[in-house]
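Participant: Following is a predicted model, sequence given first.
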Amino acid sequence: MNQAGIEYMELVKRRSGSLMCLIACLCVVCGAGKEVSLENLRENMVKKQIEARGVSDRRVLAAMRSVERHRFVPDQHITTAYEDHPLPIGYGQTISQPYIVALMSELLRLDGDEKVLEIGTGSGYQAAVLSLLAKEVYTIEIVEQLGKLSTMRLKNLGYTNVAVRVGDGYRGWPEKAPFDAIMLTASPPRIPQTLIDQLADGGILVAPEGEFNQELVVIEKRGNTISRRTVTYVRFVPMVRGAREP
Ligand code: SAH
């Protein structure tokens with residue numbers, strides 16, 4: 001190769017070097033841009049879907065801003081993770097609408113010292129939100145694969161005060177009872193007495209109740225008095241009974 005040819009090859013090498021560099025830089029910018037836009041989507045979700053509908057507990061709003069919902073949905077739903085509806089998570093189950101997650105969290109009136117039980121771990125998203133609002137979270141999932149996946153996901157994301165158990169939520173978690181707060185994210189025909197029994201004095205339980213027409217119910221225990229009120233109407237997946245349940 002003559003001198004002109006060698007110089008030309010050098011130029012091509014230098015150009016392709018800077019081209020590679022340019023591509024690498026663009027990827028970083030694109031990557032960062034994607035993160036920023038998911039953050040924007042999350043902020044919009046909190047403002048437009050949650051604050052605008054009346055959820056005002058500052059700690060709940062902060063938790064909803066903090067937990068990256070897109071990490072709890074299957075890959076094909078990442079771009080719609082911050083929209084105003086539930087999403088499929090596999091096994092016929094869904095992650096709840098963000099507003100309902102925030103509303104139910106607010107209804108528990110947590111201040112950070114509580115022990116909380118959740119029935120229906122699903123993706124682990126609600127458990128992650130609760131973990132930022134309470135001291136300890138215990139959550140039960142009946143579908144083994146979902147329970148295992150959520151255990152890993154919550155651990156990898158650093159939510160260390162959450163314990164996941166695969167089992168039937170109708171039994172509650174007697175070894176850890178009583179709970180200051182209990183949340184059901186699957187709907188039983190009637191709220192199980194076993195779960196009301198596992199509520200501490202002064203505790204609050206929030207749950208959907210019913211089969212087709214479901215009410216979102218708040219139960220409060222004060223000594224021997226159990227009070228109950230309906231907050232709104234909702235649609236959750238059914239709370240199913242475990243195989244060995246009578
Ligand atoms: N809280 C979840 C969404 C719940 S979907 C989230 O944040 O993603 C309801 C979940 O309840 C489903 O995963 C379903 O498998 C589970 N479930 C239904 N019946 C149950 C039972 N008896 N005990 C425990 N989990 C149950």
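Facilitator: Happy to help now that I have it.

Participant: which parts of this structure sit against the ligand?
Facilitator: 93-96, 119-120, 122-123, 125-126, 140-143, 146, 168-170, 185-186, 237, 239-240 (C-beta under 6 Å from any ligand atom). (C-beta placed from N, C-alpha, C; glycine too.)

Participant: so where's the protein uncertain?
Facilitator: Within the chain, the segments meeting pLDDT under 70 span 1-36, 244-246.

Participant: again, only this time at 80
Facilitator: Applying pLDDT under 80 to the chain flags residues 1-36, 243-246.

Participant: residue ranges of the helices in it, please?
Facilitator: Taking DSSP state H as the criterion, the chain contains helices spanning 3-44, 58-66, 98-107, 125-131, 144-156, 193-197.

Participant: follow-up on the earlier one: for ChimeraX, what selects the buried ones among the residues of the chain next to the ligand?
Facilitator: Buried residues among the residues of the chain next to the ligand (16 or more other C-beta atoms under 10 Å), as a ChimeraX selection:
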select :93,94,95,96,119,120,122,123,125,126,140,141,142,143,146,168,169,170,185,186,237,239
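
Participant: Strands - which of the residues of the chain next to the ligand land there?
Facilitator: Here DSSP state E is the test, and the residues of the chain next to the ligand give Gln93, Thr94, Ile95, Ile119, Ile140, Glu141 as lying in strands.

Participant: right, and out of these, which lies closest to Leu157?
Facilitator: Among these, Ile95 lies closest to Leu157 (C-beta to C-beta), at 14.6 Å.

Participant: Of all residues in this protein, which one is nearest the centre?
Facilitator: Residue closest to the average C-alpha location in the chain (C-alpha atoms, centre = their mean): Tyr125, at 1.4 Å.

Participant: That one and Lys148, how far apart?
Facilitator: 16 Å (C-beta to C-beta, to the nearest Å).

Participant: can you check Asn44 too?
Facilitator: Distance from Asn44 to Lys148, by C-beta to C-beta: 32 Å.

Participant: And for Ala52?
Facilitator: Ala52 is 37 Å from Lys148, where distance means C-beta to C-beta.

Participant: Likewise for Ile142?
Facilitator: As judged by C-beta to C-beta, Ile142 and Lys148 stand 12 Å apart.

Participant: okay, and the common contacts of these two?
Facilitator: Val166 (C-beta atoms under 8 Å, 6 or more residues apart in numbering).

Participant: So for Ala52 and Lys148, which sits in the more crowded spot?
Facilitator: Neighbour comparison, Ala52 and Lys148: the larger count goes to Lys148, with 13 against 10 (by other C-beta atoms under 10 Å).

Participant: Contact partners for the closest residue to that one other than its chain neighbours?
Facilitator: With sequence-adjacent residues excluded and distances taken as C-beta to C-beta, 6 or more residues apart in numbering, Lys148 is closest to Val166, at 7.2 Å. Val166 sits next to Ile140, Glu141, Ile142, Val143, Glu144, Gly147, Lys148 when contact means C-beta under 8 Å, 6+ apart.
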